[in-house]
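**Q** Got a predicted model here, sequence first, then my questions.
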Amino acid sequence: MYSMDDYTAVVEQFKGVLTTLNRLCEHIQEKLTEYPIWIDNEQGAFVTNRRKAVQALQYLTFVSGLQPNETYACPGVVGSTKQTLALIDRVNQAKDDFKAISHTYLDKQPMCPNKTKLIRRILTLSGYSRISLKHAYRHLTYLSYHPRRIAWTRAKSGSYVIINRQKAQELLYKIGKGKHIDVQLDKLNHLKKNEKLVIFHEIKHGWYVNVASFKNREGLSAMQKIRCALPIFYLHNEKLSPPEVCFSTKINRDIKSHRVNKKIQDIPFLNSINAYRYMM
């Protein structure tokens, strides 16, 4: 199913990810001991736990309790040096190289229904079991400046695709025939001609950080929102006060409420294609 060259290339690039990641973790444990660190204690507060931060970065396997398509999350902030940021760049480049060589190999397997399984099998045969490619591919995030405030929050998100009546009808026909399809086609025929639908697939609530910078010489500050699930690094400046690190006051770890400006109805209008009507 794969040649020895493919096997070697994938394994060697994965070793590159491990090597650069280990160097970064050693650096965090040995060179950043005097720098501030904040890590989620999973009870609504941040604590100093450098060991947990390192463990979070080293999770490349499937984590117990998570679905296969989920990724491990560990909110946190790590004060860093320029050397830290350079090491992070090397880690991210190694991850990109591993992803690229994996995709090059997968492109040679057009008939395989589960392509990522092939990469994981190669790694398993080399002694790296239960590797999660989502974990192995994802980048580490850093700020090349010293922020004033970093607030972690969770937000709902999803994919939206706007379709018209004709497209909805085509999608229903593709599914097949049956009474349930006839009922939905009848509902579709009663829509106004200019009315559109939205195919919406909810994505698991993700972690974000809202970053506020210190004011510049003109007295202005900037805000930045970053999607991130692992500890975020920043370039620490001893001349400035440590950033305020917190959870957003509106955060809810078990978010069930909808956005107040939500524009689609709660119940799908066409169940078979997960299409919703706009709220009028």
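**A** Thanks, I have the structure now.
**Q** can you list the weak-confidence ranges in the stretch 51-200 of the chain?
**A** Residues of the stretch 51-200 of the chain meeting the criterion pLDDT under 70: 68, 109-115, 156-159.
**Q** can you pull out the strands in it?
**A** 76-80, 142-143, 147-163, 197-213 (DSSP state E, counting those that start in this stretch).
**Q** could these go into TSV alongside distance to Ser129 and mean neighbour count?
**A** C-beta coordinates here come from the backbone N, C-alpha and C atoms, glycine included. Putting the strands of the stretch 51-200 of the chain into TSV (distance: least, CB to CB, whole Å; neighbours: other CB atoms under 10 Å) gives the following:
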stretch	distance to Ser129	mean neighbour count
strand 76-80	27	25
strand 142-143	30	20
strand 147-163	31	16
strand 197-213	25	17
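**Q** domains of this structure?
**A** 4-154+205-247, 155-202+261-277 (automatic domain parsing).
**Q** tell me the most buried of those domains?
**A** Among the domains of the chain, domain 4-154+205-247 has the highest mean neighbour count (mean count of other CB atoms under 10 Å), at a mean of 16.
**Q** Against Ile28, how distant is the nearest residue to Leu185 once chain neighbours are set aside?
**A** Ranked by CB to CB, 6 or more residues apart in numbering and with sequence neighbours excluded, the top spatial neighbour of Leu185 is Leu172, at 5.9 Å. The gap separating Leu172 from Ile28 is 53 Å, by CB to CB, to the nearest Å.
**Q** Check Ala56 too.
**A** Distance, Ala56 to Ile28, by CB to CB: 11 Å.
**Q** which residues are common contacts for those two?
**A** Between them, Ala56 and Ile28 share no contacting residue under CB atoms under 8 Å, 6 or more residues apart in numbering.
**Q** where exactly do the helices run in the stretch 51-200 of the chain?
**A** 82-106, 115-125, 133-137, 165-175, 179-189 (DSSP state H, counting those that start in this stretch).
**Q** Compare those and give me the one nearest Thr71.
**A** Minimum separation from Thr71 across those (CB to CB) falls at helix 133-137, 5.1 Å.
**Q** helices and strands around that closest one, which ones?
**A** If you count contacts as 3 or more CB pairs under 8 Å, 6 or more residues apart in numbering; DSSP states H and E, helix 133-137 packs onto helix 82-106, helix 115-125.
**Q** Of all these, which one comes closest to Ile226?
**A** Closest to Ile226 of the helices and strands packed on helix 133-137, according to CB to CB: helix 82-106, at 14.1 Å.
**Q** Can you tell me what sits against the closest one?
**A** With CB under 8 Å, 6+ apart as the test, helix 82-106 has contacts from 2, 6, 9-10, 13-14, 16-17, 19-21, 23-24, 27-28, 31-32, 78, 112, 115-116, 118-119, 133, 136-140, 142, 144, 233, 235.
**Q** again, only this time at 7 Å
**A** 2, 6, 9-10, 13-14, 16-17, 20-21, 23-24, 27, 32, 115, 118-119, 136-137, 139-140, 142, 144, 233, 235 (CB atoms under 7 Å, 6 or more residues apart in numbering).
**Q** could I get the helices and strands packed on helix 133-137 as a markdown table with distance to Cys246?
**A** Output for those, formatted as a markdown table (distance: least, CB to CB, whole Å):
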| stretch | distance to Cys246 |
| --- | --- |
| helix 82-106 | 22 |
| helix 115-125 | 37 |
